[in-house]
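Student: could you work out the structure for the sequence below:
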Amino acid sequence: QVQLVESGGGLVQCGGSLRLSCAASGRAFSSYSMGWFRQAPGKEREFVASISWNGGSTRYTDSVKGRFTISRDNAKSTVSLQMDTLKPEDTAVYFCAGGPTLYNYDSWGQGTQVTVSS
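Tutor: Purely as a prediction, here's the structure:
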């Protein structure tokens, strides 16, 4: 497992941008797939984006394709989510997650709030 701490959330106007960062500690990071999830009030947590251990493969939920970009820096043990053209429906708590595969996550951060005003 790895320990994960998110940062970069905040309040932004519709159409604006935010960049979320996730700092990881633990030896497993460089071999872990990483992902971002979000949970809006009254809704279940949903997948947003993921990236393979070497950055060679990425995946996005349909609603953020073309607007969000996930990246990682294994030398710095960080993973980022660049969010552009934000919409009010992107408002949620965003969680960083890590795991041995793109579909199996065993480490979670505490979350960071993103609020998009209309």
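
Student: relative to Leu20, how far out is Ser71?
Tutor: 11 Å (C-beta to C-beta, to the nearest Å). Where C-beta positions appear, they are placed from N, C-alpha and C, glycine not excepted.

Student: cool, Gln39 as well?
Tutor: Gln39 sits 14 Å away from Leu20 when distances are taken as C-beta to C-beta.

Student: again, but for Gly111
Tutor: Going from Gly111 to Leu20 by C-beta to C-beta gives 10 Å.

Student: so what sits against both of those two?
Tutor: Common neighbours of Gly111 and Leu20, counting by C-beta atoms under 8 Å, 6 or more residues apart in numbering, are 6, 94.

Student: pick out whichever of the two has more residues nearby.
Tutor: Leu20 (24 against 17; other C-beta atoms under 10 Å).

Student: gap between the two ends of stretch 93-106?
Tutor: End-to-end span of stretch 93-106 (C-alpha to C-alpha, to the nearest Å): 18 Å.

Student: same thing with stretch 8-22?
Tutor: First-to-last residue span, stretch 8-22, C-alpha to C-alpha: 9 Å.

Student: quick one: contacts for the closest residue to Val116 other than its chain neighbours?
Tutor: Spatially, and ignoring its direct neighbours in sequence, Val116 is nearest to Leu86 (4.6 Å; C-beta to C-beta, 6 or more residues apart in numbering). Applying C-beta under 8 Å, 6+ apart, we find Leu86 in contact with 12, 14-18, 67, 114, 116.

Student: tell me the secondary structure for Leu86?
Tutor: Under DSSP: H, G, I helix; E, B strand; the rest coil, Leu86 falls in the coil class.

Student: partner strands of whichever strand or helix holds Tyr94 and their direction?
Tutor: Using DSSP states H and E, Tyr94 maps to strand 92-99. Taking DSSP bridges as the criterion, strand 92-99 forms sheet pairs with strand 33-39 (antiparallel), strand 107-108 (antiparallel), strand 112-117 (antiparallel).

Student: quick one: average confidence on it?
Tutor: When pLDDT is averaged along strand 92-99, the result is 97.

Student: and the contacts of that strand?
Tutor: Strand 92-99 is contacted from outside by 1-2, 4-6, 9, 20, 22, 24, 28-29, 32-40, 43, 45, 48, 79, 81, 105-114, using C-beta under 8 Å, 6+ apart.
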